[in-house]
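Enquirer: I would like to see how this sequence folds:
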Amino acid sequence: MSSRESGSTVNAVELIIYTEPVAKARARVVVNNGKAHSFTPVMTTLAESAIRWAILQEYKDIPFPAGMPLKLVAVFYRQRPKSLSKAEKLPVKKPDLDNYLKTLCDAMNGFLVHDDSQIVHIETRKYYGEPPRIEVSLAQAALEAAI
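Expert: As a prediction, this is how the structure comes out:
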């Protein structure tokens, strides 16, 4: 049985998601008729949907069992703005790397992992690159001695 068939468990996943990385935006609150309603901004919702769609193209079921500690490596490649100086090699301006990561982790919940609380080790970077994409590597975390 391949790792992509129903009901299988794997030790590692590598996935390239061809979409412009989007930073997680804070939920918005509006008051209507005296009642507060919160909603997720559209760009965040669309980004999470694009990530989930890409995951579902490769994995029909969650490939890791609940409770398995995981290591995530995520590299975000965003489109280089045309107005940016060629001297600037790395995206040191907003959006923040941790907000890209939050969008990815929230999108993986229930699709690539049971819950992102399973992730115990993270390595992440952001670069300019074409095409815009998110490169994801997820594997069972190695047990390491506590410091």
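Enquirer: Please count neighbours and contacts with C-alpha atoms only from this point.
Expert: Will do.
Enquirer: At which residues are the strands of this protein located?
Expert: Counting by DSSP state E, the chain has strands at residues 12-17, 28-32, 35-39, 70-78, 119-128, 133-140.
Enquirer: Tell me who's in contact with the residue nearest to the spatial centre of the chain.
Expert: Residue closest to the mean C-alpha point of the chain, counted by Cα atoms, centre = their mean, is residue 104 at 1.6 Å. Contacts for residue 104 were tallied using Cα atoms under 8 Å, 6 or more residues apart in numbering; they are 48, 51.
Enquirer: re earlier: residue 48: which of the strands of the chain is closest?
Expert: Each of those was checked against residue 48 via Cα to Cα, and the shortest separation belongs to strand 12-17, namely 11.2 Å.
Enquirer: Show me what that closest one is packed against.
Expert: helix 42-58, strand 133-140 (3 or more Cα pairs under 8 Å, 6 or more residues apart in numbering; DSSP states H and E).
Enquirer: pLDDT weak spots in the chain?
Expert: Low-confidence regions of the chain, defined here as pLDDT under 70, cover residues 1-9, 144-147.
Enquirer: Try it again at 80.
Expert: Low-confidence regions of the chain, defined by pLDDT under 80, span residues 1-10, 25-30, 37-41, 143-147.
Enquirer: Deepest-packed of the strands of the chain, please.
Expert: With neighbours defined by mean count of other Cα atoms under 10 Å, none of the strands of the chain is more surrounded on average than strand 70-78, at a mean of 21.
Enquirer: As JSON lines, the strands of the chain with distance to residue 108 would be great.
Expert: Conversion of these to JSON lines gives the following (distance: least, Cα to Cα, whole Å):
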{"stretch": "strand 12-17", "distance to residue 108": "12"}
{"stretch": "strand 28-32", "distance to residue 108": "22"}
{"stretch": "strand 35-39", "distance to residue 108": "19"}
{"stretch": "strand 70-78", "distance to residue 108": "11"}
{"stretch": "strand 119-128", "distance to residue 108": "11"}
{"stretch": "strand 133-140", "distance to residue 108": "11"}
